[in-house]
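Chemist: Sequence and predicted model, in that order:
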Amino acid sequence: MTTPRLTSSERANIYRQLFLLNHSFDLIVRRLDELAQVGLFNSRDMREMRELAQEVQLEINTTLLNTLDSAENNDHAQFGKVRIALEKRLRST
């Protein structure tokens with residue numbers, strides 16, 4: 001699959017969405033910690049639920065960041081070609 005080039009605005013929006021996604025997982029883990037403090041729920045169950053939430057967070061991050069890394073590397077290579085061509089043109093004048 002060809003990785004699309006990202007505009008600066010698209011890139012900023014993607015990183016913002018990733019931040020919000022991870023922030024949401026942080027809130028989930030915090031709420032589970034708070035519920036665990038109540039003492040009503042089984043501590044092992046609460047620990048396992050926190051760990052499961054964090055595992056899902058890491059799986060999502062790994063999958064999304066692998067794709068994002070590919071897009072960033074492709075864009076970096078493309079813009080590097082532009083810079084090299086510009087430097088070459090400036091040296092020849």
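Modeler: Received, thanks.
Chemist: Every contact and neighbour count from this point should use C-alpha atoms.
Modeler: Noted.
Chemist: Mind giving me the packing neighbours of the lengthiest helix in the chain?
Modeler: As assigned by DSSP state H, the longest helix anywhere in the chain is helix 43-92. Judged by 3 or more Cα pairs under 8 Å, 6 or more residues apart in numbering; DSSP states H and E, the packing partners of helix 43-92 are helix 8-38.
Chemist: Now the helix it packs on: buried residues?
Modeler: 18, 22, 25, 26, 28, 29, 32, 33, 36 (16 or more other Cα atoms under 10 Å).
Chemist: measure residue 36 to residue 49 for me?
Modeler: Separation of residue 36 from residue 49 (Cα to Cα, to the nearest Å): 10 Å.
Chemist: any weak-confidence spans in the chain?
Modeler: Counting by pLDDT under 70, the chain contains low-confidence ranges at 1-4.
Chemist: make it 90
Modeler: 1-6, 8, 69-93 (pLDDT under 90).
Chemist: Report how many residues lie close to residue 46.
Modeler: By other Cα atoms under 10 Å, the residues close to residue 46 number 18.
Chemist: same thing with residue 90?
Modeler: 9.
Chemist: thinking again about what came up before, could the buried residues of helix 8-38 be laid out in a markdown table, adding distance to residue 60?
Modeler: Listed next are those as a markdown table, based on distance: Cα to Cα, whole Å:
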| residue | distance to residue 60 |
| --- | --- |
| 18 | 10 |
| 22 | 10 |
| 25 | 11 |
| 26 | 14 |
| 28 | 15 |
| 29 | 16 |
| 32 | 20 |
| 33 | 22 |
| 36 | 25 |
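Chemist: I'm done for today, thanks for sticking with me.
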